[in-house]
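A.B. asks: Just a sequence and a predicted model for now, questions to come.
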Amino acid sequence: MNRLSSDRVSQLYSSVSYKKAPIQLQSGLISLRALTRKLLREGRQFSRMLQEIERTQHLSATDLTVWQEAILGELLSFATRHVPFYRDLGLAKAIAEATPSEALKAFPVIDKVRVRDNANCFVAENAKRPLFKGSTSGTTGSPLSLLQDLDAINRENAFIWRQLTWAGLKRGNRRAWIRGDLVVPYEIDSPPFWRKNHAENMLMFSSYHLSEQSAGSYIQALARFDPVVIQAYPSSIGFLAMWMASSGQRYRGESLKGIVTSSEMLDADNKTVIEDRFGCRVFDWYGQFERVAAIGTCEQGRQHIVSDY
């Protein structure tokens, strides 16, 4: 699970002013926050990066290897020139005398403790400001705080948009969101358990209010909104699929082309039930806040290590 500026997001939903606001005003506040994030995530570099990865996804295996070597070489050279931790290791000679793949072997394996204890040494001296702080989810034991610049945020968003495109989404299409955002205060015990994000044409559902009693209202609201793509936690969308299966129902929205899951493990049985009850393909995405690797489901329905990531 990636958490970018998660404290700011939770502050909105937990604030007294948000909790006491009428539903329409809550939707307005959500939309304003979404518009601000959209401007940051789709900055000057976003369109260029999206265009670039639209090209690289079609490279042959040979051309992709050549491209990867070139990008790796640039990265290693940058690190030894501008990042204090790597510059102090004296690895410039290794880079000069070997291919990038061979030179990489000279770089030490690092762990969270080393990064946490020497945080400033891992920040490039010429890093573009402003820098945004976020953290990993801590699934391996403890969260790790890291910094990103706008280029990194735009690049990550470009890959996410490519994944959404594989699932059938086009710019401006309706989307539904069933993830970890507490868009409806905990104390609310009757529908609607969703709010409208007008800035992204998205209906955002609360995962925290899902229950046997509320599931029917979620399914009805989804069908009325009729999204082209649903982005969801596997557990949330899986719960709705199992509820439909147990009650002999199927999703009746007409526009749904794909469901994009992420942030949790998606097991094969859960995937089968989701695809059966919602009548579309599930596209699973696995990413890291460290931005080291990503795995995604392509438009052919196969999972790949995203080689141009």
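C.D. replies: Thanks, I have the structure now. Residues are numbered from 1 along each chain as shown.

A.B. asks: what are the ranges of the helices in the protein?
C.D. replies: Ranges of helices within the chain are 6-14, 16-20, 23-41, 46-56, 61-82, 84-87, 92-97, 100-104, 112-117, 150-166, 215-225, 234-246, 268-278, based on DSSP state H.

A.B. asks: Nearest to residue 126 among those helices would be which one?
C.D. replies: Nearest of the helices of the chain to residue 126, taken as Cβ to Cβ: helix 61-82 at 5.2 Å. To be clear about C-beta, it is placed using only N, CA and C from the backbone, and glycine gets the same treatment.

A.B. asks: The closest one vs helix 46-56, what angle?
C.D. replies: Inter-element angle recorded for helix 61-82 and helix 46-56: 140 degrees (by axes from the mean of the first three to the mean of the last three Cα atoms, to 10 degrees).

A.B. asks: Name the surrounding residues that touch helix 61-82.
C.D. replies: Helix 61-82 has contacts (Cβ atoms under 8 Å, 6 or more residues apart in numbering) with 56, 59, 86-87, 89, 91-92, 95, 99-101, 103-104, 107, 124-126, 307-308.

A.B. asks: buried subset of these?
C.D. replies: Neighbour-count burial (16 or more other Cβ atoms under 10 Å) applied to these gives 56, 86-87, 91, 95, 100, 103-104, 124, 308.

A.B. asks: Residues in contact with stretch 187-198: which ones?
C.D. replies: 19, 23, 26-28, 30-31, 34, 177, 183-184, 202-206, 209-210, 214, 217-218, 221.

A.B. asks: Would you mind checking which helix or strand in this protein has the lowest mean pLDDT?
C.D. replies: strand 2-4 (a mean of 38; mean pLDDT, DSSP states H and E).

A.B. asks: Please report how far residue 21 lies from residue 15.
C.D. replies: Counting by Cβ to Cβ, to the nearest Å, the gap from residue 21 to residue 15 is 9 Å.

A.B. asks: With neighbour numbers in mind, choose between these two.
C.D. replies: residue 21 (15 against 12; other Cβ atoms under 10 Å).

A.B. asks: ok, the closest residue to that one other than its chain neighbours - contacts?
C.D. replies: In this structure, residue 21 finds its nearest non-sequential neighbour in residue 29, 6.8 Å apart by Cβ to Cβ, 6 or more residues apart in numbering. Residue 29 makes contact with 12, 18, 21, according to Cβ under 8 Å, 6+ apart.

A.B. asks: and residue 29, how far is that from residue 196?
C.D. replies: Look at residue 29 and residue 196: by Cβ to Cβ, they are 11 Å apart.

A.B. asks: Residue 177 now?
C.D. replies: 11 Å.

A.B. asks: Check residue 259 too.
C.D. replies: Residue 259 is 20 Å from residue 196, by Cβ to Cβ.

A.B. asks: do the same with residue 264
C.D. replies: Residue 264 sits 25 Å away from residue 196 when distances are taken as Cβ to Cβ.

A.B. asks: what do you get for residue 151?
C.D. replies: Counting by Cβ to Cβ, the gap from residue 151 to residue 196 is 31 Å.

A.B. asks: Which of the two has more residues huddled nearby?
C.D. replies: residue 196 (20 against 15).

A.B. asks: ok, back up a step: among the contacts of stretch 187-198, which ones are buried?
C.D. replies: Among those, those classed as buried by 16+ other Cβ under 10 Å are 26-28, 30-31, 34, 177, 183-184, 202-206, 209-210, 214, 218, 221.

A.B. asks: Same list, the helices of the chain, but as JSON lines with mean pLDDT please.
C.D. replies: Converted to JSON lines, these look like this (pLDDT from 0 to 100):
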{"stretch": "helix 6-14", "mean pLDDT": "64"}
{"stretch": "helix 16-20", "mean pLDDT": "92"}
{"stretch": "helix 23-41", "mean pLDDT": "94"}
{"stretch": "helix 46-56", "mean pLDDT": "94"}
{"stretch": "helix 61-82", "mean pLDDT": "95"}
{"stretch": "helix 84-87", "mean pLDDT": "95"}
{"stretch": "helix 92-97", "mean pLDDT": "88"}
{"stretch": "helix 100-104", "mean pLDDT": "94"}
{"stretch": "helix 112-117", "mean pLDDT": "91"}
{"stretch": "helix 150-166", "mean pLDDT": "94"}
{"stretch": "helix 215-225", "mean pLDDT": "98"}
{"stretch": "helix 234-246", "mean pLDDT": "98"}
{"stretch": "helix 268-278", "mean pLDDT": "97"}
